[in-house]
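S.K.: what follows is a predicted protein model with its sequence.
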Amino acid sequence: MPLTRTAALPFDRAAEILTPEALEFLAALHGRFAAERDARLAARQERRSEAAKTGTLDFLPETAAVRDGDWTVASAPPALQDRRVEITGPCSPAKMAINALNSGAKVWLADLEDASCPTWFNVIDGQLSLYDAARGTLAYTSPEGKTYALRTDAPTAVVIMRPRGWHMEERNLEFDGKPAIGALVDFGLHFFHNARQLLENGHGPYYYLPKMESHLEARLWNDIFVFAQDALGIPQGTIRATVLVETIPAAFEMDEILYELRDHASGLNAGRWDYLFSIIKYFRDSGSKFTLPDRAAVSMTVPFMRAYTELLVKTCHQRGAFAMGGMAAVIPNRRQPEVTEEAFAKVRADKTREANDGFDGSWVAHPDLVPICMEVFDQVLGDAPNQVQRTRPEVHVTAEQLLDIESAPGDATEAGLRGNLYVSVAYTAVWLSGNGAVAIHNLMEDAATAEISRSQVWQQIRNGVVFADTGNTATRELVERLLVEETEKLRNEVGDDLFNRYYGPASGIISRICLSEDYTDFLTTPAYELLESEMAAR
């Protein structure tokens with residue numbers, strides 16, 4: 001059964017990516033794996049419903065043998081031995097890709113997911129950036145005539161590409177009368193065009209896998225890898241994958257996830273922002289004990305986040321895999337030295353904690369933060385490429401510790417509610433304009449942080465939270481009034497043209513999903529529907 005294109009090529013060079021052979025490969029992936037992907041998404045809903053009834057999760061009794069077993073993942077290839085600094089960012093526009101590759105970081109997380117808005121242009125332009133980067137030809141000239149090219153004085157960052165999560169569709173391609181699966185499109189196009197070239201470069205096809213909720217989803221990815229390598233005649237085990245542990249059920253299956261991917265596994269990453277989103281989402285209707293204080297008050301040192309990261313490091317190192325730290329949201333501002341100084345201090349403290357805890361590397365979102373992260377990990381690692389040998393036998397984490405949300409210090413405030421509404425609307429508006437990541441009040445916001453913000457609003461209404469600073473109770477009426485005020489604030493900041501095009505529609509989305517009786521699983525789902533409608537109208 002063929003996979004068909006339902007939209008015109010977004011630009012001329014898109015034909016180099018959307019070749020008949022590449023589309024045939026995508027069709028083979030969909031024919032083999034689309035039904036299993038649908039089954040895995042359905043299983044998520046069943047498990048979430050059960051957790052809502054019980055108000056708890058636990059380690060799986062049926063996989064105890066895996067957790068107790070003496071096994072390790074495949075040893076890392078030379079290109080992935082040293083990952084002490086990884087920079088994240090979208091693949092489109094090419095200028096962003098070049099800056100990331102030239103940043104001095106060991107790895108570039110080439111993001112087609114939370115830091116990218118999946119317009120048809122961005123999806124294919126991102127693939128083209130990765131295609132050109134693999135061949136050393138990636139270049140860009142700005143409208144002002146400034147040129148950007150890959151550095152030749154030092155190695156560029158090793159590319160690890162992150163495809164979209166299982167839930168996202170790609171509506172510009174169709175298989176069996178339904179939209180294509182974003183994850184299969186992203187992985188399939190990248191692997192088809194670049195696997196052999198990357199091997200010739202001394203690297204390989206490396207991936208970050210997002211938003212998984214179970215080891216069975218990891219098994220699905222492993223089956224896809226085996227199929228793809230066989231289909232193109234690539235040796236088995238060439239693909240290496242790092243899994244983002246960014247959902248609360250996945251935290252209970254770290255061993256099992258690595259086991260399912262063991263011939264292709266590289267490590268786990270502490271995806272902290274999506275992890276917080278997942279906790280709110282998973283236990284949104286399980287009572288006040290799962291209600292968090294203001295987002296800004298939840299640091300990585302609160303007990304339940306410490307339990308999560310400690311377990312991740314121990315699990316990874318026990319299995320010979322890398323433990324990768326998360327993203328500090330603060331970013332520098334070159335026009336405001338005091339903001340930059342504060343950002344540097346916060347990032348240094350965050351990365352120092354991670355390095356001392358045993359992480360093998362960590363993420364930054366801005367090239368100016370690469371030297372700080374590098375310096376911190378250099379001090380801990382010295383000449384060693386990683387610290388996988390630190391197996392952390394003293395760490396013992398229980399299910400109760402992972403779910404100890406109540407012990408997080410801090411309050412829920414009406415000021416925090418306002419901030420959540422402002423960020424939710426502002427980020428969604430920028431997303432609708434075609435950008436997946438944006439600096440708001442000197443914090444890097446992407447889909448994950450916006451998801452926390454809007455989910456916290458829904459949960460606060462559901463639980464009738466009383467705000468510490470005003471004594472007001474979270475109600476639909478209060479949220480509706482404050483949303484109007486924060487939306488009007490944005491109108492004054494951006495002007496009528498941008499407001500009418502993006503911010504007004506974004507406010508409408510946030511209003512619907514925050515005030516609805518039913519919870520919307522992903523903000524990007526209704527946003528994508530509006531995005532596609534606008535693109536079709538142009």
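M.R.: Received the coordinates, thanks.
S.K.: for residue 390, see how far away residue 381 is.
M.R.: Distance check for residue 381 against residue 390: by C-beta to C-beta, to the nearest Å, it reads 11 Å. For glycine as for every other residue, the C-beta is placed from the backbone atoms N, C-alpha and C.
S.K.: residue 72 - nearest residue in space that isn't next to it in sequence?
M.R.: residue 320 (3.7 Å; C-beta to C-beta, 6 or more residues apart in numbering).
S.K.: surely that neighbour touches residue 388?
M.R.: Yes - counting by C-beta atoms under 8 Å, residue 320 does reach residue 388; the two are 6.2 Å apart.
S.K.: so those two - more neighbours on which side?
M.R.: Between residue 320 and residue 388, residue 388 has the larger neighbour count (other C-beta atoms under 10 Å), namely 23 against 19.
S.K.: could you verify that that one is part of a strand?
M.R.: No - read with DSSP: H, G, I helix; E, B strand; the rest coil, residue 388 is coil and lies in no strand.
S.K.: next, the buried residues of stretch 207-214.
M.R.: Neighbour-count burial for stretch 207-214 flags 207, 208, 209, 210, 211, 212, 213, 214 (criterion: 16 or more other C-beta atoms under 10 Å).
S.K.: list just the nearest of those residues to residue 374.
M.R.: Nearest to residue 374, judged by C-beta to C-beta, of these is residue 208 at 20.1 Å.
S.K.: in which helix or strand would I find residue 511?
M.R.: Taking DSSP states H and E as the criterion, residue 511 maps to helix 504-515.
S.K.: ok, residues contacting that helix?
M.R.: Residues outside helix 504-515 that contact it (C-beta atoms under 8 Å, 6 or more residues apart in numbering) are 421, 424-426, 428-429, 431-432, 454, 457-458, 461, 476, 479-480, 483, 487, 490-491, 519-520, 523, 526-527, 530.
S.K.: among those residues, which are in strands?
M.R.: Nothing among these maps onto strands, per DSSP state E.
S.K.: confirm the residue nearest to residue 72 sits in a helix?
M.R.: No - applying three-state DSSP, one finds residue 320 to be coil, outside a helix.
S.K.: setting the sequence-adjacent residues aside, check what's closest to residue 342.
M.R.: residue 330 is the one closest to residue 342 (C-beta to C-beta, 6+ apart), at 7.3 Å.
S.K.: ugh, wrong one, residue 205
M.R.: The nearest residue in space to residue 205 (C-beta to C-beta, 6+ apart) is residue 195, at 4.5 Å.
S.K.: picking that back up, tally of neighbours for the residue nearest to residue 342?
M.R.: Neighbour tally, residue 330, other C-beta under 10 Å: 22.
S.K.: who are the neighbours in contact with it?
M.R.: Contacts of residue 330 (C-beta under 8 Å, 6+ apart): 342, 343, 346, 347, 442, 443, 444.
S.K.: in the stretch 51-200 of the chain, which spans are helices?
M.R.: Secondary structure of the stretch 51-200 of the chain (DSSP state H, counting those that start in this stretch): helices at 64-68, 94-101, 120-134, 182-200.
S.K.: what's in contact with the second one?
M.R.: What it means is helix 94-101. Contacts of helix 94-101 (C-beta under 8 Å, 6+ apart): 87-91, 108, 110, 125, 128-130, 132-133, 138-140, 142, 148-151, 156-157, 159, 367.
S.K.: again, but for the last one
M.R.: Outside of helix 182-200, the residues that reach it under the criterion C-beta under 8 Å, 6+ apart are 17, 21-22, 25-26, 29-30, 33-34, 37, 112, 118, 123, 127, 130-131, 134-135, 159, 161, 163-166, 168-170, 173, 204-205, 207, 224, 228, 232, 234, 238-239.
S.K.: what angle sits between that helix and helix 120-134?
M.R.: Relative orientation of helix 182-200 versus helix 120-134 (axes from the mean of the first three to the mean of the last three C-alpha atoms, to 10 degrees): 10 degrees.
S.K.: convert the C-alpha atoms of helix 182-200 to PDB, please.
M.R.: Extracted as PDB, the C-alpha positions of helix 182-200 are listed here (Å, rounded to 0.1, in the frame of the first residue of the first chain):
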ATOM      1  CA  GLY A 182       5.000  11.800  12.700                       C
ATOM      2  CA  ALA A 183       7.600   9.600  14.500                       C
ATOM      3  CA  LEU A 184       7.800   7.100  11.500                       C
ATOM      4  CA  VAL A 185       8.100  10.000   9.000                       C
ATOM      5  CA  ASP A 186      10.900  11.700  11.000                       C
ATOM      6  CA  PHE A 187      12.900   8.600  11.700                       C
ATOM      7  CA  GLY A 188      12.300   7.000   8.300                       C
ATOM      8  CA  LEU A 189      13.400  10.000   6.200                       C
ATOM      9  CA  HIS A 190      16.500  10.600   8.300                       C
ATOM     10  CA  PHE A 191      17.500   7.000   8.400                       C
ATOM     11  CA  PHE A 192      16.800   6.400   4.700                       C
ATOM     12  CA  HIS A 193      18.900   9.300   3.500                       C
ATOM     13  CA  ASN A 194      21.700   9.500   6.100                       C
ATOM     14  CA  ALA A 195      22.500   6.100   7.700                       C
ATOM     15  CA  ARG A 196      25.200   5.100   5.300                       C
ATOM     16  CA  GLN A 197      26.700   8.600   5.000                       C
ATOM     17  CA  LEU A 198      26.900   8.900   8.800                       C
ATOM     18  CA  LEU A 199      28.700   5.600   9.000                       C
ATOM     19  CA  GLU A 200      31.200   6.800   6.400                       C
END
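S.K.: re earlier: do you know how far the residue nearest to residue 342 is from residue 439?
M.R.: Distance from residue 330 to residue 439, by C-beta to C-beta: 10 Å.
S.K.: try residue 87
M.R.: Distance from residue 87 to residue 439, counting by C-beta to C-beta: 15 Å.
S.K.: between those two, who's got more neighbours?
M.R.: Here residue 87 and residue 439 are compared on neighbour count by other C-beta under 10 Å; more neighbours surround residue 87, at 25 against 16.
S.K.: need the contact list for the more buried one.
M.R.: 100, 103, 105, 107-109, 157, 363-367, 370.
S.K.: helices along the stretch 201-350 of the chain, start to end?
M.R.: Under DSSP H, counting those that start in this stretch, the stretch 201-350 of the chain gives helices at 215-232, 248-251, 254-260, 272-282, 303-318, 337-357.
S.K.: which one of these lies closest to residue 295?
M.R.: Closest among the helices of the stretch 201-350 of the chain, using C-beta to C-beta: helix 272-282, at 7.5 Å.
S.K.: name only those of the contacts of helix 182-200 that count as buried.
M.R.: Buried among these (16+ other C-beta under 10 Å): 17, 22, 25-26, 29-30, 33-34, 37, 112, 118, 123, 127, 130-131, 134, 159, 161, 163-166, 168-170, 173, 204-205, 207, 224, 228, 234, 238-239.
S.K.: summarise which helices and strands the strand or helix carrying residue 439 is packed against.
M.R.: Secondary structure from DSSP H and E places residue 439 in strand 438-440. For strand 438-440, the packing partners by 3 or more C-beta pairs under 8 Å, 6 or more residues apart in numbering; DSSP states H and E come out as helix 414-432, strand 443-445.
S.K.: and with 10 Å instead?
M.R.: Contact analysis of strand 438-440 by 3 or more C-beta pairs under 10 Å, 6 or more residues apart in numbering; DSSP states H and E lists helix 414-432, strand 443-445, helix 447-463 as its packing neighbours.
S.K.: what's next to the second one, contact-wise?
M.R.: Identification of contacts with strand 443-445 by C-beta atoms under 10 Å, 6 or more residues apart in numbering yields 88-89, 115, 273, 296, 327-331, 343, 364-366, 423-424, 426-427, 430-431, 436-439, 449, 452-453.
S.K.: repeat that for 8 Å
M.R.: 327, 329-331, 365-366, 423, 426-427, 437-439, 449.
S.K.: on that earlier part again, and the strand holding residue 439, which strands flank it?
M.R.: With DSSP bridges as the test, strand 438-440 is paired with strand 443-445 (antiparallel).
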